[in-house]
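Novice: Predicted model, plus sequence, below.
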Amino acid sequence: MAIIAETSDRRGSLWSRRPQFLTNSLLIYAALVFWAFISLFPIYWTITTSFKTAVNVTQGHLIPFVDFTPDWKGWRSLGLSPDTILAPSTVRDEFIRRFFNSIVASAGASFLAVLIGSLAAYGLSRFTYKFLWMANKDISFFFLSQLILPPVVLAMPFLVLYKHLMLLDTLIGLILIYTLMVLPIVIWIMRDQFDTIPVELEQAALVDGCSIWGAFLRIVLPIALPGMVAAFILSVILCWNEYFFAALLTSSNAKTLPVMVASQTGSQGINWWSMAAIATAAIMPLVLVGIFLERYIVKGLTAGAVK
């Protein structure tokens with residue numbers, strides 16, 4: 001009887017706590033929905049603006065088919081509307097060149113950063129270094145501290161350096177500076193990846209006759225591949241959205257999409273519809289990457305969170 005009474009008391013306490021649990025859950029989901037709305041609204045505003053006319057933009061109409069009738073004006077100005085896609089267009093040709101430049105600069109810099117950063121991170125994870133007063137943790141923090149430096153501080157040095165090296169307005173110049181920009185992030189991500197891999201696996205490979213490079217390439221890299229993919233994707237996103245150095249170090253041949261987005265101004269002011277159309281076309285690849293490769297990003301970034 002005592003056991004039955006105790007069980008009924010527990011059930012009663014659980015039922016009494018149920019309304020509070022539901023209230024907390026509703027508050028949490030309401031906060032998440034509100035934050036999702038704040039995060040996604042700029043994307044929604046950009047996409048809808050690409051289908052607006054000048055009047056609808058200035059009057060702040062937001063809901064298609066309710067506040068305004070969608071129009072292809074923004075896409076027509078790029079030669080990407082259904083009625084102009086087959087006709088010759090210099091603006092569309094320029095957009096394709098800028099799109100290609102963004103792909104080459106982002107992918108090339110990300111691949112180079114992952115290649116160099118993986119080797120640096122493996123060294124910091126497996127070997128002990130001492131440079132002046134700095135040990136491994138200090139060296140790792142030194143790499144990360146490079147992100148604190150404002151890019152504008154590097155404007156004049158890079159302009160002078162690139163002028164003498166003849167790297168101004170070249171994709172190679174953009175790839176090199178983008179590599180330096182994302183390298184600290186890659187090193188930190190990959191260092192956490194290598195820290196989670198047991199050293200005993202490499203020691204067993206060395207006993208079996210592998211060299212250090214053999215153990216690294218055959219044992220460590222396949223296990224750390226999710227982290228490398230996450231670092232590569234994150235690097236591509238950061239390089240794809242970079243504007244300052246692309247505007248500073250390019251003039252015509254190597255301009256990227258962010259520079260083209262910012263250049264949509266005319267004698268009458270900013271062409272919001274054209275800017276929104278270019279921005280929509282520019283963010284679509286990143287949206288597809290986030291949708292189809294989300295599991296790789298999350299798996300790579302959280303690999304070292306729980307040990």
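Specialist: That came through fine. Keep in mind it's a predicted model, so treat the numbers as computed, not measured.
Novice: Ile189 against Ala231, yeah?
Specialist: Yes: counting by Cβ atoms under 8 Å, Ile189 touches Ala231, with 4.5 Å between them. C-beta coordinates here come from the backbone N, C-alpha and C atoms, glycine included.
Novice: which one of those two has more residues nearby?
Specialist: Ala231 (28 against 25; other Cβ atoms under 10 Å).
Novice: and the gap between the more buried one and Val186?
Specialist: Applying Cβ to Cβ, to the nearest Å, the value for Ala231 to Val186 is 5 Å.
Novice: Now do the shared contacts for the two.
Specialist: Common neighbours of Ala231 and Val186, counting by Cβ atoms under 8 Å, 6 or more residues apart in numbering, are 113-114, 117.
Novice: give me the low-pLDDT residue ranges for this structure?
Specialist: Counting by pLDDT under 70, the chain has low-confidence residues at 1-19, 21, 266-268, 299-307.
Novice: and if we set it to 80?
Specialist: Applying pLDDT under 80 to the chain flags the ranges 1-24, 54, 58-61, 65-66, 130-134, 136, 264-271, 290, 292-307.
Novice: Tell me which residue lies nearest the centroid of it.
Specialist: Nearest to the mean C-alpha position of the chain, counting by Cα atoms, centre = their mean, stands Ile237 at 2.8 Å.
Novice: which non-adjacent residue is nearest it?
Specialist: Leu286 (5.8 Å; Cβ to Cβ, 6 or more residues apart in numbering).
Novice: Just want the phi and psi numbers for that neighbour.
Specialist: phi -70, psi -40 (degrees, to the nearest 10).
Novice: before we move on, back to that, which of the shared contacts of Ala231 and Val186 fall within helices?
Specialist: Cross-referencing the shared contacts of Ala231 and Val186 against helices under DSSP state H gives 113-114, 117.
Novice: tell me the domain boundaries of the chain?
Specialist: The record's domain parsing of the chain by automatic domain parsing lists 38-69, 90-301.
Novice: what's near enough to touch the residue nearest to Ile237?
Specialist: So Leu286 contacts 237, 240-241 (Cβ under 8 Å, 6+ apart).
Novice: As TSV, these with distance to Tyr29 and secondary structure would be great.
Specialist: As requested, those are arranged in TSV below (distance: Cβ to Cβ, whole Å; DSSP: H, G, I helix; E, B strand; the rest coil):
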residue	distance to Tyr29	secondary structure
Ile237	28	helix
Trp240	32	helix
Asn241	30	coil
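Novice: quick one: Leu201 from Leu221, how far?
Specialist: Leu201 is 12 Å from Leu221, by Cβ to Cβ.
Novice: Repeat that for Ile283.
Specialist: Applying Cβ to Cβ to Ile283 and Leu221 gives a distance of 32 Å.
Novice: Those two: who's more crowded?
Specialist: More neighbours surround Ile283 than the other of Ile283 and Leu221, with 19 against 15 (other Cβ under 10 Å).
Novice: Against Ile63, how distant is the more buried one?
Specialist: 21 Å.
Novice: Ok, Ser140 next?
Specialist: When Ser140 is compared with Ile63 (using Cβ to Cβ), they lie 49 Å apart.
Novice: Check Pro88 too.
Specialist: Distance from Pro88 to Ile63, counting by Cβ to Cβ: 35 Å.
Novice: One more: Val57?
Specialist: 14 Å.
Novice: Among those two, which residue is more densely surrounded?
Specialist: Val57 (19 against 8).
Novice: Dump the ones in helices among the shared contacts of Ala231 and Val186 into TSV; add distance to Leu165 and neighbour count as well.
Specialist: Shown next, in TSV, are those (distance: Cβ to Cβ, whole Å; neighbours: other Cβ atoms under 10 Å):
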residue	distance to Leu165	neighbour count
Ala113	20	28
Val114	24	26
Gly117	23	27
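Novice: Could you dump those residues into TSV with distance to Ala277 added?
Specialist: Listed next are these as TSV, based on distance: Cβ to Cβ, whole Å:
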residue	distance to Ala277
Ala113	31
Val114	32
Gly117	35
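Novice: rewinding a little: out of the contacts of Leu286, which is nearest to Phe99?
Specialist: Phe99 lies nearest to Trp240 out of those, by Cβ to Cβ, at 10.4 Å.
Novice: Touching, the closest one and Ser102? I think so.
Specialist: Yes: assessed by Cβ under 8 Å, Trp240 is found in contact with Ser102 at 5.8 Å.
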